[in-house]
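Participant: The following block contains a protein sequence and its predicted model.
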Amino acid sequence: MDSVPDGLKKLHLLLLESHETLQKLERGPKLIEGRQKKTAAKAQEISKQKEALIQFRKAADQRNLQLKTNEARITELKGKLNAAASNREYDIIRSQIDADEMANSVLEDEILESLEKVDSAQSRVAELEVAYEAALKDEKTIAATIEAEKPQLEVDAARHLDVIKEAEKVIPGKLGETYKRLVKQHGAGALAPLEQNACGACFATLSRQELVRMNVGDTMICRQCNRIMYKSE
Ligand SMILES: [Zn+2]
């Protein structure tokens, strides 16, 4: 049978171990969820960029159509120019041709600009798709690791419950209720080792009298943080 301080130390380590296991179990799904959100955000970015790409193409197509329409009209007007009946009619047709040619020069610039936008949107989509694939792979790897670890963690968590129950028998009867309350409130922090003559949780220094009591194996509650202290050397 362990001495009370040794038993408390063992219990403290078990509580810490159990806390770590439970935290890992709790953290797993959150980690997966975080990765899933990242992957979904990347997919969202891709569809936004693809939508932009469609709009840039549409703009280029519309201007191209306008350009072709103007070109056809210019050809038609040039035909009429030769058949002009008067100088006045000639001038009117000529100025229409000039206006259409001016409009086409602007359209050509705009088409070029739209095509450049199409190009850069296409490369951005390709980049985003690479990033998405990487995020998806990352997500799957993490999910697989977490799933693989889960059964053992669950076994450990169940085992901890049993061994902790057994180890708790070391708690002196007078501290039974205090321990229950503390463990509910602080988990593994219910217990604190004595470190350099001070409480290992809040660092309050013990009086000489208290140290004497601790040295003879008495169990004490820290005056400052109320945790159950144990001598760990
Ligand atoms: Zn303390």
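Facilitator: Great, that's in hand.
Participant: which bits of the chain sit near the ion?
Facilitator: By C-beta under 5 Å from the ion, the residues of the chain that approach the ion are 199, 201-202, 204, 222, 224-225. Placement of C-beta: from N, CA and C, glycine included.
Participant: burial count for residue 57?
Facilitator: Other residues within reach of residue 57, judged by other C-beta atoms under 10 Å, total 16.
Participant: tell me the contacts of residue 136?
Facilitator: By C-beta atoms under 8 Å, 6 or more residues apart in numbering, the residues touching residue 136 are residue 39.
Participant: So, low pLDDT: which residues of the chain?
Facilitator: In the prediction, the chain carries residues with pLDDT under 70 at positions 1.
Participant: Now do the contacts for the residue nearest in space to the middle of it.
Facilitator: The geometric centre of the chain, computed from its C-alpha atoms, lies nearest to residue 34 (C-alpha atoms, centre = their mean), at 4.2 Å. With contacts defined as C-beta under 8 Å, 6+ apart, residue 34 has no neighbours.
Participant: For it, give me phi and psi.
Facilitator: phi -60, psi -40 (degrees, to the nearest 10).
Participant: State the three-state secondary structure for residue 141.
Facilitator: Per DSSP: H, G, I helix; E, B strand; the rest coil, the local secondary structure of residue 141 is helix.
Participant: neighbours around it, how many?
Facilitator: Count around residue 141 with other C-beta under 10 Å applied: 11.
Participant: What are the neighbouring residues in contact with it?
Facilitator: Residue 141 makes contact with no residue under the criterion C-beta under 8 Å, 6+ apart.
Participant: do residue 118 as well
Facilitator: 53, 56-57, 60.
Participant: Nearest to the ion, out of these: which one, please.
Facilitator: Taking C-beta to the ion as the measure, residue 53 is the one of the contacts of residue 118 closest to the ion, at 63.2 Å.
Participant: How is residue 232 assigned, secondary-structure-wise?
Facilitator: With three-state DSSP as the basis, the three-state label of residue 232 is coil.
Participant: in the top strand by length along the chain, what counts as buried?
Facilitator: Looking only at the chain and at elements set by DSSP state E, the strand with the highest residue count is strand 191-195. Applying a neighbour-count criterion of 16 or more other C-beta atoms under 10 Å, the buried positions in strand 191-195 are 191-194.
Participant: Show me where the protein has its strands.
Facilitator: Assigned by DSSP E, the chain shows strands spanning 191-195, 198-199, 220-221, 228-230.
Participant: got a markdown table for these, with distance to residue 23 too?
Facilitator: Putting the strands of the chain into a markdown table (distance: least, C-beta to C-beta, whole Å) gives the following:
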| stretch | distance to residue 23 |
| --- | --- |
| strand 191-195 | 18 |
| strand 198-199 | 24 |
| strand 220-221 | 27 |
| strand 228-230 | 22 |
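Participant: check contacts around residue 101.
Facilitator: residue 74.
Participant: please begin residue numbering at 33 from this point
Facilitator: In the new numbering, first residue 33, that becomes residue 133.
Participant: check contacts around the closest residue to residue 129 other than its chain neighbours.
Facilitator: Counting by C-beta to C-beta, 6 or more residues apart in numbering, residue 129 lies nearest to residue 109, which is 4.9 Å off, once chain neighbours are set aside. Residues in contact with residue 109, defined by C-beta under 8 Å, 6+ apart, are 125, 128-129, 132.
Participant: Roughly how far does the nearest residue to residue 51 once chain neighbours are set aside sit from residue 55?
Facilitator: Spatial nearest neighbour of residue 51, chain neighbours left out: residue 220 (4.8 Å); criterion: C-beta to C-beta, 6+ apart. Spatial separation of residue 220 from residue 55 under the definition C-beta to C-beta, to the nearest Å is 11 Å.
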